[in-house]
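Novice: Sequence isn't available, so here's the structure alone:
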């Protein structure tokens, strides 16, 4: 398996170096971030960075990036899905999807089969190896999420997911 290195961003409590090489503002010198914290995008990005950092580390043993995990999960739960359907569901461009699918085929995780109702399309199906990998990866993802969201009650987690879906759907 590949050894994935994740780039870590300095935490708020750590000092950052400036372009001069001198330490920047540390935890003891709080910045006024009230305006930024009033923005949905800022808060969403900060939360995403926290979640993705943990996700990358947890998925490294499976050699899955977030987009890889999403594609395989959709195929896992929707056998026979087409590449076009995946692109629409995930907002990906077809050329990018072709590369992802080819990579999974080379790894022995999925296979293409003729689509039952569209002769031009191919349905995507996980192999037994792909199913085994996704069973483990999805279990790991669930545990990682629980760890990241531990400060939120189950009701708050549901509300947060519902509100976020309202923004992008």
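Specialist: Nice, I can see it. What you see is a predicted model; the values in this text were computed from it and never measured. Residues are numbered from 1 along each chain as shown.
Novice: Confirm residue 52 sits in a strand?
Specialist: No - counting by DSSP: H, G, I helix; E, B strand; the rest coil, residue 52 is not part of a strand but helix.
Novice: how much space between residue 123 and residue 131?
Specialist: Noted for residue 123: a distance of 15 Å to residue 131, by C-beta to C-beta, to the nearest Å. For the C-beta atoms, the positions are set from N, CA and C on the backbone; glycine is no exception.
Novice: Show me which of the two is the more surrounded one.
Specialist: A direct count of neighbours by other C-beta atoms under 10 Å for residue 123 and residue 131 places residue 123 higher, at 20 against 17.
Novice: which SS state does that one fall under?
Specialist: strand.
Novice: can you pull the contacts of residue 59?
Specialist: Listed by C-beta atoms under 8 Å, 6 or more residues apart in numbering, the contact set of residue 59 reads 65, 66, 69, 137, 140, 141.
Novice: Residue 83 - how many residues pack around it?
Specialist: Burial measure for residue 83: 19 neighbouring residues, criterion other C-beta under 10 Å.
Novice: Helix or strand: which one has the nearest residue to it once chain neighbours are set aside?
Specialist: Counting by C-beta to C-beta, 6 or more residues apart in numbering, residue 97 is the residue found nearest to residue 83 once chain neighbours are left out, at 5.0 Å. Element membership for residue 97 (DSSP states H and E) is helix 94-106.
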